[in-house]
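> Provided below for reference: sequence and predicted model.
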Amino acid sequence: MDMQDEVEGLAILIRDLRKHKNMTLGELATRIDRSVGFLSQVERGLSRPTVADLTAISETLGVPTTYFYSLSKPRALPWVTRPGERRTLYYAGGITDVLVSPSMSAGFSMLESHLAPGATSGEGHLDDSSEQGGFVLEGELSIWLEGDAEPVTLGPNDSFQLPPHSQFRYANLTDQPTRVLWVFR
């Protein structure tokens, strides 16, 4: 699958889930504080949501964010994933997430996030129902917890762990790429 196929796959998942939940485009747009036009473009694969947008969509529709990685690719071993077998989400704001977990039904999921220089999760704070943590593999990750004016900046080999419903946002404020291994439970 190439990037456009992945973007279109995400668009279909969002649209089908919204319709399954009997929610109009306008209702969902209002609840995630985005315009109907933007959400329509996301559902048609013409625009990419930010991490904050997709988190808000998943919370509003009652699924974990990892639901959007549920289109599986064929694997030789069900408990192993290799690079060509992984699902990828391309977000607005310069962030790409690669699902490295072999299963979405296990007790935790792992993502490898690639943050381009200047990449951001979005202006709004994330409110994910999952407990999550991360390990910085390369580069720098800046995290703002709700109420904090200044971010905490993490470098290679630094890690963090946040309880469910932590209000936070994150970014790569440098001119070098950043890679983070995220774990969600």
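Looks like it came in fine.
> leaving out the residues flanking it, which one is nearest to residue 54?
Spatially, and ignoring its direct neighbours in sequence, residue 54 is nearest to residue 65 (6.1 Å; C-beta to C-beta, 6 or more residues apart in numbering). Quick note: C-beta positions are derived from backbone N, CA and C, even for glycine.
> give me the pLDDT value at that neighbour.
You'll see residue 65 listed with a pLDDT of 81.
> quick check: it touching residue 128?
Yes - assessed by C-beta atoms under 8 Å, residue 65 is found in contact with residue 128 at 6.2 Å.
> list the buried residues in the host helix or strand of residue 17.
Element membership of residue 17 [criterion: DSSP states H and E] is helix 3-20. Residues 6-7, 9-11, 13-15, 17-18 are the ones in helix 3-20 that count as buried (16 or more other C-beta atoms under 10 Å).
> name the residues contacting each of residue 65 and residue 128.
Here residue 65 and residue 128 have 55, 58, 184 as joint contacts, going by C-beta atoms under 8 Å, 6 or more residues apart in numbering.
> low-confidence ranges, the protein, go.
The model of the chain has pLDDT under 70 over residues 1-2, 70-74, 104-105.
> quick check, central residue of it?
Centroid-nearest residue in the chain: residue 51, 4.6 Å away (criterion: C-alpha atoms, centre = their mean).
> how about that residue: what's its closest non-neighbour residue?
If the residues on either side of it in the chain are set aside, residue 51 comes closest to residue 121, at 4.0 Å by C-beta to C-beta, 6+ apart.
> now the one you found: how far from residue 19?
The gap separating residue 121 from residue 19 is 27 Å, by C-beta to C-beta, to the nearest Å.
> list the contacts of the one helix or strand residue 58 maps to.
Using DSSP H and E, residue 58 falls within helix 51-61. Residues from elsewhere that reach helix 51-61 (C-beta under 8 Å, 6+ apart): 14, 17-18, 21, 23, 28, 31-34, 42, 49, 64-65, 67-68, 89, 91-93, 95, 97, 121-129, 169.
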